[in-house]
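S.K.: here are the coordinates; sequence isn't available:
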């Protein structure tokens with residue numbers, strides 16, 4: 001195998017290695033962060049908190065209605081129990097009774113609204129629980145598939161790194177230095193010449209130069225500076 005063939009093989013390996021490393025990174029990210037499930041869990045937590053607040057409001061209203069009912073009974077007993085005979089005091093008690101009843105009616109209306117809201121939130125919470133459970137079940141299958149893909153990608157990376165090491169050992173230090181600098185500046189260091197054109201910049205390469213590359217010499221494209229390879 002000529003030096004240019006080894007350089008091209010190294011370029012192919014490096015490209016495959018970068019692609020596989022990116023794929024592994026994406027797989028790992030997906031394993032660590034299931035965005036759909038995380039969003040559903042946040043919604044579940046949000047609905048749970050809303051239900052807790054609604055239930056607290058309902059309990060407070062129930063307490064207030066019970067308290068008003070107790071006060072109404074107390075005033076009603078005094079008003080009609082016969083112990084109070086003073087007309088002014090009886091009138092005052094009657095006014096208090098009406099006021100308490102109006103307050104209770106208002107609180108009872110609020111209580112009914114609170115009960116309706118609590119019931120609605122309970123239904124929504126159940127829906128959220130079912131959605132989270134569905135996504136978790138689905139995730140178990142997906143996670144197993146991703147774990148297998150991760151292992152496959154890691155094995156491919158190990159294989160490519162070994163092949164990269166072997167190939168680099170077959171190339172001289174000076175040429176490797178040129179190759180590595182081109183990778184840093186242009187990403188792709190070695191490109192084919194097809195139809196007399198450099199596949200890196202798509203410009204024509206002088207015949208003499210691509211013929212030298214075909215013979216195995218290390219030749220750079222006069223336009224883009226990449227190393228050229230001719231099959």
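M.R.: Nice, thanks for sending it over. A quick note: this is a predicted structure, and the numbers were derived from the prediction, not measured.
S.K.: hey, let's count contacts and neighbours off CA atoms from now on
M.R.: Will do.
S.K.: Can you find the helix or strand in the chain with the smallest mean pLDDT?
M.R.: Using mean pLDDT, DSSP states H and E, the weakest-scoring helix or strand in the chain turns out to be helix 207-214, at a mean of 92.
S.K.: next SSE after that helix?
M.R.: Remark: after helix 207-214, the chain's next helix or strand is strand 227-229, criterion DSSP states H and E.
S.K.: Now do stretch 181-190, average pLDDT.
M.R.: On average, the pLDDT along stretch 181-190 is 94.
S.K.: Which parts of that stretch count as buried, going by neighbours?
M.R.: For stretch 181-190, a neighbour-count test (16 or more other Cα atoms under 10 Å) marks 182-183, 188-190 as buried.
S.K.: ok, residues contacting it?
M.R.: The contact list for stretch 181-190 (Cα atoms under 8 Å, 6 or more residues apart in numbering) reads 7-8, 11, 179-180, 226-229.
S.K.: ok, now which ones touch residue 48?
M.R.: Residue 48 neighbours (Cα under 8 Å, 6+ apart): residue 125.
S.K.: what helix or strand does it sit in?
M.R.: Using DSSP H and E, residue 48 falls within helix 35-80.
S.K.: same check, this time on residue 193
M.R.: strand 190-194.
S.K.: Just checking: what are the partner strands of that strand?
M.R.: strand 197-198 (antiparallel), strand 227-229 (parallel) (DSSP bridges).
S.K.: just so I know, which of those strands lies nearest residue 161?
M.R.: Closest of these to residue 161 is strand 227-229, at 21.9 Å (criterion: Cα to Cα).
S.K.: what angle do the longest helix seen in the chain and helix 35-80 make?
M.R.: If you go by DSSP state H, the chain has its longest helix at helix 87-169. Put simply, helix 87-169 runs at 170 degrees to helix 35-80, going by axes from the mean of the first three to the mean of the last three Cα atoms, to 10 degrees.
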